[in-house]
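sequence unknown, structure follows:
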């Protein structure tokens, strides 16, 4: 049975819980965000902003995306430990590499299903994204889970909670816009300048690769500086929703040896 979650109360509870974390959540978030930003910079350096006709650029983009997914799982594991009152060291960020194969498989399957639903229209794609939002959490709790098992569990757990999860994301929309503000301004400037030069035949002097990387680096540092203030709370609140959904749905990750082989899931 679906339960109405007190979002504000849960946020306040998680902020208080994070204040008592043995490993500073902002420092941990900064480490995670800086590493993912470095992966993004590597992608930009190799690809120059495009993967068209460049197999190496495409390979690097896929590789950096998958590594970012594994690091994201490490951040989830840290937040899970904080919620349970356990100590999680900075090396927890790399714990996802112990079951990286399943994380990568799940990332690929999740992207595939969301993309297929998005081909129907935007709204089904958004619904699919929320349908599978708890899949990584299930895998974190039981790394022995199959990728399809984690997705199917998430599908059942999020029944009746997609609207509340969407409202949670809306409540953090201001933070997200603030974090992406410089990057958005820079992208708009480049797009407008390029279009203006094409329409009116004026010369548009694009920045060198080094200058573009410098601007991207500044934008990334701004994003990191903003996200460290809200990302740990947001992740812990999401896990709070997950705990409620597990309890009310009766669906929870269990040992692979205790469950029958799964097949024929309706995704």
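Ah, there it is. This is a predicted model, so every value here is computed, not measured.

show me the contacts for residue 183.
216, 219, 220, 222, 223 (Cβ atoms under 8 Å, 6 or more residues apart in numbering). C-beta coordinates here come from the backbone N, C-alpha and C atoms, glycine included.

give the rounded mean pLDDT of the host helix or strand of the fourth one.
Using DSSP states H and E, the element containing residue 222 is helix 209-227. The average pLDDT for helix 209-227 rounds to 82.

packing partners of it?
helix 25-47, helix 173-200 (3 or more Cβ pairs under 8 Å, 6 or more residues apart in numbering; DSSP states H and E).

of all those, which lies closest to residue 75?
Nearest to residue 75 among these is helix 25-47 (4.7 Å), distances taken as Cβ to Cβ.

circling back: okay, the helices and strands packed on helix 209-227, which one's buried deepest?
Mean neighbour count (mean count of other Cβ atoms under 10 Å) peaks for helix 25-47 among the helices and strands packed on helix 209-227, with a mean of 18.

that older thread, any residues touching the helix holding residue 222, and which ones?
29-30, 33-34, 37, 40-41, 44-45, 48-49, 175, 178-183, 186, 206-207.

need the contact list for residue 32.
Residue 32 makes contact with 71, 72, 74, 75, 93, according to Cβ under 8 Å, 6+ apart.

against residue 71, how distant is it?
6 Å (Cβ to Cβ, to the nearest Å).

what touches both of these two?
Common neighbours of residue 32 and residue 71 (Cβ under 8 Å, 6+ apart) are residue 93.

what's the neighbour count on the closest residue to residue 125 other than its chain neighbours?
Distances taken as Cβ to Cβ, 6 or more residues apart in numbering place residue 118 nearest to residue 125, at 2.9 Å, with adjacent residues excluded. When neighbours are defined as other Cβ atoms under 10 Å, residue 118 has 16 of them.
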